[in-house]
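S.K.: The following block contains a protein sequence and its predicted model.
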Amino acid sequence: MKKDKIELSKIFIDKKKESFTVADIWELQRLLSYHNDLYYNKEEPIISDYEYDILRDKLEYIESKHNFMSSHNFSNDIWSYKVESTFEKVKHSRPMISLGNTYNEEDLYDFDKRVKKNLHWESLQRKDFYGSEYYLLEKFESSNDGRYVLEFKFDGLGVELIYKNWELVQAITRGNWVEWEDVTQNVMQIANIPKKIAYKKHLEVRGEVVLPLSSFEAMNERAKKEWTKIFSNPRNAASGSLRMKDNSITKQRNLKFFPFDLANFDEYSDEINNKKYFEVINSLYDLGFERVDYFKKMNGISDIIHEIHNFWDVKKQIDFEIDGLVMKVNDISLWQAIGFTEHHPRYAIAYKFPAEILTTQINSVEHQVWKTGTITPVANLEPIIIGWVTVRRATLHNYEEVENLWVHIWDTVFIKRAWEVIPKIISVVQEGRSENAEEINPPKYCPSCETDVIKDGEKVRFYCPNSVDCPAQKSEKLVFAVGKQWFNIDGFWVKQVELFLELWIIHNLVDIFKVWDKVEEILELEGFKQKSVDNLISWVEKAKNVDISMFITALAIHWVGKKTAKTLAKLFHSKESLLEFPYTSEDLIKLDDIWPEIAINVYEYFNNEAHIRILTELSEILNITYYKKLEIIADGNESIYFWKKMCITWSFIWTDWVKIARDDLVKKLEAVWWEFTWSVSKNTDFLLAGEKAGSKKEKAEKLWVEVIDLVFFMNHI
């Protein structure tokens, strides 16, 4: 059943609007009714929100095209869909309607034109009725203090909070605009909702209940291990959490509420003597509601679109699912004149970001071998476009994840891709699985060298132990070593490394630094000219000067990253200490941050004969800067960052408006062997904060971590 509905949904999504017939209307109505039941009642959607929006928009289009009147207009019923519920039904004092939305920037210009047109028309109507001039459009256009307000479009559950005599007395969900569920007792468990406010009169605050992404991911991880329900997105998880019969579970879910509307806007704005939406919402923060980090006044559509284009870095810092930005007329006194449709207000519109989650099918699975020998399953997908990028593959992480998700080849799955992150499978449509579905199991033999695959004890890891001669490991290690963060050899990209390995031009890292011996062979290859080869050799020569900690990281020892390599670097004061390696695994465990597993891996690496031969040759070719213990300067002029832990957030502008990236600032401190941390904790000594430091700065101030700016940093380094 579900499989058929998924396939039918895909057909309608791909079908052009112009080719729909009257018969398609009935079929599409039934299909959307089916999806509504899965989404609202069962909280088990089988298509993404974006795909649902496409189906709904197409239904509205063809109903309008074929003149379906409101009595037969099913798209109206969709907006007021009723769910099955054990909660008491409650009526709203004012319909809690949704916003119109668009994925197209040009529609924002059209929206602005409609706002102005409606204000002009209303002015003419009032002039005819009252016999005097009304200048509503002029009032709107003359405002220089923000004609529009731009705010988050939270992807959560709409809720209305009702306050009387200072206290929260009732909470109800959005529902079918007119009535919905009373969830008062569950809402009382949400910590950031004020139960009492400094306002005695009747107040109805509307907003969104959301689940932080960190909590959502942790909740799904627990669900995988416990074989309980896995949610496909934070919105469904928030809805399910708020509608739990046991409200103690709601309390554990770390839900948050953020306000963006009032049912009695006119009464409250009159009471505080302010008709600006921006100021009214800000006044709610003074009553105890949690402040939203992003809330801006804007004057023109061009400015708003520019803001949208620059919003991506902001979104990466937010621990909530934001699926767009809402643009709203700031002057509340103009809202009535601008008007409403049956579905939404005409004074506001939501610009939705390109979809990050879509559904598709797994066509096959490859078992990929990484630089440390770890083998992971990678799904080959039916191609889909997410955020302007065609996605053909998605990681399954490990074979325990495969088991926990209970995913098979030919399954329909939800795929997420956001902010250049590798696409991943977040959940599976379990029911309606294809008869041809195939289980995904770890391979018995390495797909690259056919060595017997080993399971790493009790861990989830399966790996190929042939660390020296496995072609896949060899290629991955070399690509890693010559990459930008380590030897940084421009011209040695993935394709070049794979080609040179295939043609036996190189065999290992040593051969890369002897590439001049193979110049004649390289010049015979297609696409390689004398200039490009000369440039390659030049980059190789530059890469020969290397710090010992960077050198250790580039070796790609399992579990040894940049931080661990810095710790290990203190062991290597000379070439002899590198080659002889006079340490046991017990010695290594005594070092900071070296676990037993890391100690064993490091000990085995430096005592492996094949590795010793490579290290010996590299030590002859490279100019390695070995560790020298820094002396503390007695006169007090040493860097204040010596042996300190620092978190750096955002990028910075230095003299002459030169932008300095975080990575560049980190490099400036590496010479004094300090520790860079990605997050702020009680163990952090400093936070170097830019202008948009946001939540990290707030956390630092709460934990009494010293916050410094770039000028102080540069003057004391």
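M.R.: All right, it came through fine.

S.K.: Go through the protein and flag its longest helix.
M.R.: helix 106-130 (DSSP state H).

S.K.: How much space separates residue 592 from residue 675?
M.R.: In this view, residue 592 and residue 675 are 10 Å apart by CB to CB, to the nearest Å. All C-beta spots, glycine's among them, are computed from the backbone N, C-alpha and C.

S.K.: for residue 466, same thing?
M.R.: Distance, residue 466 to residue 675, by CB to CB: 35 Å.

S.K.: Same check on residue 39?
M.R.: As judged by CB to CB, residue 39 and residue 675 stand 46 Å apart.

S.K.: Then residue 56?
M.R.: 51 Å.

S.K.: Just the strands from the stretch 351-500 of the chain, written as ranges.
M.R.: In the stretch 351-500 of the chain, strands defined by DSSP state E, counting those that start in this stretch lie at 357-369, 375-386, 389-395, 412-416, 424-428, 454-455, 462-463, listed in chain order.

S.K.: Tabulate those (JSON lines), appending mean pLDDT.
M.R.: Output for the strands of the stretch 351-500 of the chain, formatted as JSON lines (pLDDT from 0 to 100):
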{"stretch": "strand 357-369", "mean pLDDT": "92"}
{"stretch": "strand 375-386", "mean pLDDT": "91"}
{"stretch": "strand 389-395", "mean pLDDT": "86"}
{"stretch": "strand 412-416", "mean pLDDT": "88"}
{"stretch": "strand 424-428", "mean pLDDT": "86"}
{"stretch": "strand 454-455", "mean pLDDT": "92"}
{"stretch": "strand 462-463", "mean pLDDT": "94"}
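
S.K.: mind checking which of those is nearest residue 492?
M.R.: Evaluated with CB to CB, the strands of the stretch 351-500 of the chain place strand 357-369 nearest to residue 492, the distance being 20.2 Å.

S.K.: Going by neighbour count, which residues in that closest one are buried?
M.R.: For strand 357-369, a neighbour-count test (16 or more other CB atoms under 10 Å) marks 357, 358, 359, 360, 361, 362, 365, 367, 368, 369 as buried.

S.K.: so who does the fourth one touch?
M.R.: Right, residue 360. By CB atoms under 8 Å, 6 or more residues apart in numbering, the contact set of residue 360 is 381, 382, 383, 384, 391, 412, 413, 415.

S.K.: Can you flag the buried ones in these?
M.R.: Buried members of those, counted by 16+ other CB under 10 Å: 381, 384, 391, 412, 413, 415.

S.K.: Does the fifth one have any beta-bridge partners, and if so which?
M.R.: Under DSSP bridges, the beta-bridge partners of residue 413 are residue 360, residue 428.

S.K.: Pull up the gap between it and residue 440, please.
M.R.: Distance of residue 413 to residue 440, computed by CB to CB: 12 Å.

S.K.: re the thing from before, more neighbours: which of residue 592 and residue 675?
M.R.: Legend: neighbour count by other CB atoms under 10 Å for residue 592 and residue 675, higher for residue 675 (18 against 10).

S.K.: Hmm, that one is touching residue 567, no?
M.R.: No. The criterion here is CB atoms under 8 Å, and residue 675 misses it with residue 567 at 9.8 Å.

S.K.: Which segments of this structure make up each domain?
M.R.: Residue ranges for the domains of the chain, per automatic domain parsing: 2-83, 101-352, 357-462, 645-716.

S.K.: returning to what we had before: with respect to residue 221, which of the strands of the stretch 351-500 of the chain lies nearest?
M.R.: strand 424-428 (11.3 Å).

S.K.: Quick check: residue 601 touching residue 555?
M.R.: No. Counting by CB under 8 Å, residue 601 stays clear of residue 555, with 10.9 Å between them.

S.K.: Between the two, tell me which one has more neighbours.
M.R.: Between residue 601 and residue 555, counting by other CB under 10 Å, residue 555 is the more crowded of the two (21 against 18).

S.K.: Could I get the CA-only coordinates of stretch 264-283 as PDB?
M.R.: What follows is stretch 264-283, C-alpha atoms only, in PDB (Å, rounded to 0.1, in the frame of the first residue of the first chain):
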ATOM      1  CA  ASN A 264      -5.500  39.700  20.400                       C
ATOM      2  CA  PHE A 265      -3.000  41.900  18.700                       C
ATOM      3  CA  ASP A 266      -5.100  45.000  18.600                       C
ATOM      4  CA  GLU A 267      -6.000  44.900  22.300                       C
ATOM      5  CA  TYR A 268      -2.400  44.300  23.400                       C
ATOM      6  CA  SER A 269      -0.800  46.800  21.000                       C
ATOM      7  CA  ASP A 270      -3.300  49.500  22.200                       C
ATOM      8  CA  GLU A 271      -2.400  48.600  25.800                       C
ATOM      9  CA  ILE A 272       1.300  49.100  25.200                       C
ATOM     10  CA  ASN A 273       0.600  52.000  22.800                       C
ATOM     11  CA  ASN A 274       2.600  50.600  20.000                       C
ATOM     12  CA  LYS A 275       1.400  49.500  16.500                       C
ATOM     13  CA  LYS A 276       4.700  48.100  15.200                       C
ATOM     14  CA  TYR A 277       5.000  44.400  15.000                       C
ATOM     15  CA  PHE A 278       8.800  44.500  15.800                       C
ATOM     16  CA  GLU A 279       8.200  46.400  19.100                       C
ATOM     17  CA  VAL A 280       5.200  44.300  20.100                       C
ATOM     18  CA  ILE A 281       7.100  41.000  19.800                       C
ATOM     19  CA  ASN A 282      10.100  42.500  21.600                       C
ATOM     20  CA  SER A 283       7.800  43.400  24.500                       C
END
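
S.K.: Mind listing residues that contact that stretch?
M.R.: Outside stretch 264-283, the residues that touch it by CB under 8 Å, 6+ apart are 93-94, 145-146, 149, 201-204, 259-260, 262, 295, 297, 328-333, 335.

S.K.: could you redo the last one with a cut-off of 6 Å?
M.R.: Residues from elsewhere that reach stretch 264-283, judged by CB atoms under 6 Å, 6 or more residues apart in numbering: 149, 204, 262, 297, 330, 332, 333.

S.K.: out of these, which are inside strands?
M.R.: Counted as lying in strands by DSSP state E, out of the contacts of stretch 264-283, are 149, 204, 262, 297.

S.K.: The second one is in contact with residue 164, isn't it?
M.R.: No. Residue 204 lies out of contact with residue 164 (CB atoms under 6 Å); the separation is 9.8 Å.

S.K.: Show me where the stretch 601-717 of the chain has its strands.
M.R.: Counting by DSSP E, counting those that start in this stretch, the stretch 601-717 of the chain has strands at residues 623-625, 645-649, 652-653, 659-660, 675-677, 686-689, 706-708.

S.K.: So in terms of bridging, what pairs with the residue nearest to residue 102 when sequence neighbours are not counted?
M.R.: For residue 102, ignoring the flanking residues on the chain, the nearest one in space by CB to CB, 6 or more residues apart in numbering is residue 351 at 6.1 Å. For residue 351, the beta-bridge partners under DSSP bridges are residue 102, residue 325.
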